[in-house]
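Peer 1: Requesting a structural model of the entry that follows:
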Amino acid sequence: GEVDSESAVNDAAAKIVIEIDETPTIADSAATEIGLANAEVDKAFAEVALANAEVDKMAAEVVLANAEIDKATAEGALSNAEADNATAEVTLANAEVDKMAAEVVLTNSTLDAALSSVGGNVDTATSAIATAAGRVNTAVALANTQFDSAVTANTAEDVELASSHVQAGQGFISEAQAAVSEAQAYVNEVSARVNQVNGESQLAQGYLGSATGYGNIAQGFLGTASGYAQAADKYAQTASSYVNTAQGYIATANGYGSTGQGYLGTANGHTKTAQGYIATANAYLQQIQTKIGIANGYVAEINIRLQ
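Peer 2: Presented below is the predicted three-dimensional model:
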């Protein structure tokens, strides 16, 4: 029994040596994988450093872009203020134009009244004057005939007949005078209408003068509004210039960002490669642990045998 026990111990010891002898080779393989992993991590770190540099450049460009945007915002605020001033002036101009329009309406109504006065009434009076003038001419002609007849009768020493012709002539003269009086009445009416029209025309001229005054004031407001609008446009153009500059900085920042992303992508590739090496190293280390476990089992067997 003692010989068998010694043989078993020797056999177990030999197996322990076998397991332990294989361990350094596996450990070397694990170390190699870890070294390769470290190299990949170093490469990844270098790529990350490059990416950080690009991000710093990107941040600097963003700061410059923000400064330009702040300037653009300030110019935009000035432009808005000028635009508000222009709007206020236009509002004032509109108020003056409304007043001007009201004066024009009054002018039109006054001229319409003047035309109405001149129209039918003057035409009627003129026609009546013409009619009266015709009656005057007729009466004068008849009176002349009677007076001529009276002269003839006087020549014939027919006083009574001459007197009757004179009386008849005087009657026609009276008719002529009545017609003249009627015509004068119409003439007076026409004169009154003309005076009325003159008054209404002067009133209309007053309204037009007021309208012109309001128009001039409106033009003044519009001129001021135009000045504000031009100032607003200048501020807006300056703001646009700042925005364009900011866009340039942003484009540059995006370029740095893209470059940084490229570096990070490369770093990720190195990291994945390192992870592969580490996984392989872990597998080698697991093999070592397995062999150590087997060796420990043989050690336990030897201890049992030696008891």
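Peer 1: okay, CA-based contacts and neighbour counts for the rest of this
Peer 2: Will do.
Peer 1: So, low pLDDT: which residues of the stretch 201-307 of the chain?
Peer 2: 307 (pLDDT under 70).
Peer 1: Which parts of the stretch 101-250 of the chain are helices?
Peer 2: 122-155, 159-306 (DSSP state H, counting those that start in this stretch).
Peer 1: and of those helices, who's closest to Glu75?
Peer 2: Ranking those by proximity to Glu75 (Cα to Cα) places helix 159-306 first, at 5.2 Å.
Peer 1: Is Thr107 in contact with Ala204, as I believe?
Peer 2: Yes - Thr107 lies in contact with Ala204 (Cα atoms under 8 Å); the separation is 4.7 Å.
Peer 1: helix/strand/coil for Val63?
Peer 2: The three-state label given to Val63 by DSSP: H, G, I helix; E, B strand; the rest coil is helix.
Peer 1: What is the neighbour count of it?
Peer 2: 16 (other Cα atoms under 10 Å).
Peer 1: Equivalent analysis for the one 4 residues further on, please.
Peer 2: Residue neighbour count, defined by other Cα under 10 Å, stands at 14 for Ala67.
Peer 1: Skip the chain neighbours and tell me the closest residue to it.
Peer 2: Excluding its sequence neighbours, the residue lying closest to Ala67 (Cα to Cα, 6 or more residues apart in numbering) is Ala246, at 8.0 Å.
Peer 1: What is the burial count for that neighbour?
Peer 2: Ala246 sits with 24 neighbouring residues when counted by other Cα under 10 Å.
Peer 1: Repeat that for the one 4 residues further on.
Peer 2: For Ile250, the number of neighbouring residues by other Cα under 10 Å comes to 20.
Peer 1: just checking, it touches Val63?
Peer 2: No - using Cα under 8 Å, Ile250 is not in contact with Val63; the gap is 9.5 Å.
Peer 1: picking that back up, now distance to Asp98 too, for the helices of the stretch 101-250 of the chain, in JSON lines please.
Peer 2: Below are those laid out as JSON lines (distance: least, Cα to Cα, whole Å):
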{"stretch": "helix 122-155", "distance to Asp98": "35"}
{"stretch": "helix 159-306", "distance to Asp98": "9"}
